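Colleague: I would like to see how this sequence folds:
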Amino acid sequence: MEGPILTPCELANRWKMQSKTLSQWRWSGRGPIYIKMGGNIRYRLSDIEEFEKQKVRHSTSQILDEKLKQESDQITYLKVCKS
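Modeller: Predicted structure coming up:
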């Protein structure tokens, strides 16, 4: 592994949240990419920074626009699959 590595506790401190939240995110697949070796969870700083960049928003409507696009893409996919 190259570059700095953070523990779940260190990442939780960075983001001012509980490490329990990160655990829930890992379970649901919502959080940043992580490494699991021998039962230990670690996060590469480069992956964390990339995840943070993806979460930057200019307005709250941007989130709504993204959700609507995802729903539209899913509907299009369903129509194509049924044809």
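Colleague: Show me the contact partners of the strand or helix carrying residue 27.
Modeller: For residue 27, the host element (DSSP states H and E) is helix 19-28. Contacts of helix 19-28 with the rest of the structure, by C-beta atoms under 8 Å, 6 or more residues apart in numbering, involve 8-9, 11-12, 30-31, 34, 41. (Glycine included, C-beta is placed from N, CA and C.)
Colleague: got the buried residues for stretch 27-40?
Modeller: Neighbour counts over stretch 27-40 (16 or more other C-beta atoms under 10 Å) mark 31-32, 34 as buried.
Colleague: So for it, first residue to last residue, what's the gap.
Modeller: By C-alpha to C-alpha, to the nearest Å, the extent of stretch 27-40 from end to end equals 15 Å.
Colleague: Stretch 19-37 too?
Modeller: Using C-alpha to C-alpha, first and last residues of stretch 19-37 are 18 Å apart.
Colleague: burial of residue 50, as a residue count?
Modeller: 13 (other C-beta atoms under 10 Å).
Colleague: Mind listing the strands the lengthiest strand in the chain pairs with, and their directions?
Modeller: In terms of residue count, the longest strand belonging to the chain (DSSP state E) is strand 40-44. If you go by DSSP bridges, strand 40-44 pairs up with strand 5-6 (antiparallel), strand 35-37 (antiparallel).
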